[in-house]
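K.L.:
Here is my input; please provide its structure:
(one chain, ligands or ions: 2)
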Amino acid sequence: MLLIKNLRQIVQVVDDSTTEYLIGDAMKNLKILSSPDCTLCIAIDTKTGKISYVGEENGVGILPPDVEVIDGKGGCALPSFVDGHTHPVFAGDRVHEFAMKLAGATYNEVQAAGGGIHFTTDKTREASEESLFRDLEKIITRMVQSGTTTIEAKSGYGLDEDTEMKMLRVLDRASSSLPIEISSTFCGAHAVPRGSTEEKQTQLIVDRVIPRIAEAKKKGELKSVENIDVFCETGNFGVQSTEKILRAGQSIGLAPNFHAEELTYIGGVEMGARIGARGMSHLEEISQEGIISMASAKSAAVLLPSTAFILRLTPPPARKIIDSGVIVALGSDFNPNAHCLSMPMIMSLACITMKLSMEEALVAATINSAYSIGRGSSHGALSSGRQADLLLLSSPRWDNLIYQMGDHSHLINIVIKKGKIVHRKQ
Ligand SMILES: N=CN[C@@H](CCC(=O)O)C(=O)O
Ligand SMILES: [Zn+2]
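P.N.:
Ligands and ions are numbered 1, 2, ... in the order given. All right, here's what the predicted structure looks like:
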């Protein structure tokens, strides 16, 4: 057993192991335990990696002789973050394009000139599997240090069969060997490769790559691939091609979780709701009908505040989306265009640019983002029976983490994944 004691505050988010998400006003009502005398504790069964008790120390019962104790030092505990949208496997960076965008070029202009995803695709095709893994390892170390212990992570910088498979293998290796949990996503429809067409790329994905993924899954390889993604956008994949690809993914057991209505409105959300997509990301240009359809389909809206901020886009109508009862999650969208992997920064941006309250931002970055990758009842909250994925902060209040924008490396003392310490501040 691992016992974390001397805590002043425990942010449980919810105190059961059945709730899968919070919507509307419930996002504001976090379950929080407080003790001015710092008598709160969390007990973890290290054999299962699950939480066995949350509450006052005097209620924990008889401790086993081999109990390991962590002193919470009067700080607070909260669930570690689930990052609902990342592109962490790639070679090279695009700092030169950042300068172009600052000078006024739009995302689509950069891509049309052969940059953007195409630039990163060239570099990623050239890179060896080993070097992609080593780069990913460094990124994941920084994600864990900033409090993230579970991510959704996409392929999508290969676009051809072999490089997409290479990226998925890198993610699979990371998921079994690095201290982070990965829900991998096949995103071979991230862009139409140079020299191809939307139709040809759609056919390639449906006829060749998806069957190859199915085969690999059947053989017990690619254990972490769970989702299928398409960049559904003008100039990339239209609604019809997107539906075809997502349905082909669904037929081999992948959950649709895709990019929709980021730069232009084309009706991707209405289609996604109709086919039961588990999540849709970006949504800057979502329609009123789209919002209503997401609420009734229980599709998570995975909002990405750093992307809208960096590209100077009008942020999605987050208040309207929340007030309409949609399940709202957050993601860092870490990628060579939006090079921010810190979920505390993402929460701060969500509060400032999208008008979320701090409570709503935390719900979106924990239980609701867990829901967007099918882990809503096991991750993203601190209650008995849930996975012991949590952070210990040096501050007495959890919300300092959002308020002290960019200061998370100072505030996060310890990160625990499945009952094991995976980061301790030096
Ligand atoms: N919008 C599409 N895909 C990524 C960007 C990828 C890239 O520019 O490399 C995103 O979510 O922001
Ligand atoms: Zn993305």
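K.L.:
any idea of the mean pLDDT for whichever strand or helix holds A153?
P.N.:
Per DSSP states H and E, A153 falls inside strand 148-154. Strand 148-154 comes out with an average pLDDT of 98.
K.L.:
Identify the spatial nearest neighbour of whatever residue of the stretch 251-400 of the chain ends up closest to ligand 1, chain neighbours not counted.
P.N.:
Ligand 1 sits closest to N337 of the stretch 251-400 of the chain, with a gap of 3.4 Å, by Cβ to the nearest ligand atom. (C-beta placed from N, C-alpha, C; glycine too.) Once flanking residues are discounted, N337 sits nearest to R94: 6.3 Å by Cβ to Cβ, 6 or more residues apart in numbering.
K.L.:
near ligand 1, which residues of this protein?
P.N.:
87, 116-117, 120, 231, 259, 262, 307, 333, 335-338 (Cβ under 6 Å from any ligand atom).
K.L.:
would a markdown table of those residues with distance to E270, neighbour count and pLDDT be doable?
P.N.:
Shown next, in a markdown table, are these (distance: Cβ to Cβ, whole Å; neighbours: other Cβ atoms under 10 Å; pLDDT from 0 to 100):
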| residue | distance to E270 | neighbour count | pLDDT |
| --- | --- | --- | --- |
| H87 | 25 | 25 | 98 |
| G116 | 27 | 19 | 94 |
| I117 | 25 | 26 | 95 |
| T120 | 30 | 24 | 97 |
| F231 | 17 | 24 | 98 |
| H259 | 15 | 28 | 98 |
| E262 | 15 | 25 | 97 |
| T307 | 22 | 24 | 96 |
| D333 | 23 | 28 | 98 |
| N335 | 26 | 25 | 98 |
| P336 | 30 | 21 | 97 |
| N337 | 26 | 23 | 95 |
| A338 | 26 | 20 | 96 |
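K.L.:
Which members of these are the farthest-apart pair?
P.N.:
T120 and E262 (17.1 Å; Cβ to Cβ).
K.L.:
quick revisit: from P317, how far off is the residue of the stretch 251-400 of the chain closest to ligand 1?
P.N.:
From N337 over to P317 the distance is 22 Å, taken as Cβ to Cβ, to the nearest Å.
K.L.:
Packing partners of the helix or strand where F98 lies?
P.N.:
Per DSSP H and E, F98 falls inside helix 95-102. Helices and strands touching helix 95-102, by 3 or more Cβ pairs under 8 Å, 6 or more residues apart in numbering; DSSP states H and E, are helix 107-112.
K.L.:
buried stuff in the helix it packs on?
P.N.:
Y107, V110, Q111 (16 or more other Cβ atoms under 10 Å).
K.L.:
just curious, which of these is nearest to C38?
P.N.:
Y107 (48.2 Å).
K.L.:
Contacts only, for the closest residue to that closest one other than its chain neighbours.
P.N.:
The shortest distance from Y107 to any non-neighbouring residue, by Cβ to Cβ, 6+ apart, is to L311 (5.4 Å). Residues in contact with L311 (Cβ atoms under 8 Å, 6 or more residues apart in numbering) are K101, T106, Y107, N337, A338.
K.L.:
Read off the pLDDT value for the closest residue to G116 other than its chain neighbours.
P.N.:
If the residues on either side of it in the chain are set aside, G116 comes closest to V110, at 4.9 Å by Cβ to Cβ, 6+ apart. Predicted confidence (pLDDT) for V110: 92.
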